[in-house]
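S.K.: take a look and give me a structure for this.
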Amino acid sequence: MKSTMGAAAEQLREQIGSIRHPERGEFPTIVVSGTSLSDMKLRVEGSPGLLVLVRQRTGLGSDDKGGASGMDSKDVPNFFLNYSGEDRALAERIATAMQSKVAQWCMSAGDSLRQKIDA
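M.R.: So this is what the prediction gives:
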């Protein structure tokens, strides 16, 4: 579970941390905390303009507390779980834990996998 948490946190840091304010060159500060997938929390900090940009590009929620945005794992809209055959049991445990946090799956039969990953 610890390595799964680390991988999820790193993926969030990579996705959000690559967003850069076009005029200031500022990058967001990302803090991921929690001891399991069920209590994982995400906090993004930066200038108000940068946080607007982060929300636009990621769809993450906001608490509008002037320069910081508290984003719980329930506000993260999408996860993509890729695994090999030997990791199927672990992937199923992760998917079950994640499903308890997600109101609905964002893919349906006939959806383009490539387009969903890109989105």
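
S.K.: export stretch 85-103 to CSV, keeping only CA atoms.
M.R.: Output of stretch 85-103 as CSV, limited to C-alpha atoms (Å, rounded to 0.1, in the frame of the first residue of the first chain):
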residue,chain,number,x,y,z
GLY,A,85,-0.9,-9.5,-15.7
GLU,A,86,1.2,-10.4,-12.7
ASP,A,87,0.0,-7.3,-10.8
ARG,A,88,-3.7,-8.0,-11.4
ALA,A,89,-4.5,-8.8,-7.8
LEU,A,90,-2.9,-5.6,-6.6
ALA,A,91,-4.6,-3.6,-9.3
GLU,A,92,-8.0,-5.0,-8.3
ARG,A,93,-7.4,-4.0,-4.7
ILE,A,94,-6.5,-0.5,-5.8
ALA,A,95,-9.5,-0.2,-8.1
THR,A,96,-11.8,-1.4,-5.3
ALA,A,97,-10.4,1.2,-2.9
MET,A,98,-10.6,3.9,-5.6
GLN,A,99,-14.2,3.0,-6.6
SER,A,100,-15.3,3.7,-3.0
LYS,A,101,-14.1,7.3,-3.6
VAL,A,102,-15.4,7.9,-7.1
ALA,A,103,-19.1,8.4,-7.7
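
S.K.: so how far is it from its chain's centroid?
M.R.: Centroid displacement of stretch 85-103 relative to its chain, using CA atoms, centre = their mean, to the nearest Å, is 15 Å.

S.K.: with stretch 6-21 instead?
M.R.: 8 Å.

S.K.: try stretch 24-35
M.R.: Centre-to-centre, stretch 24-35 and its host chain are 12 Å apart (CA atoms, centre = their mean).
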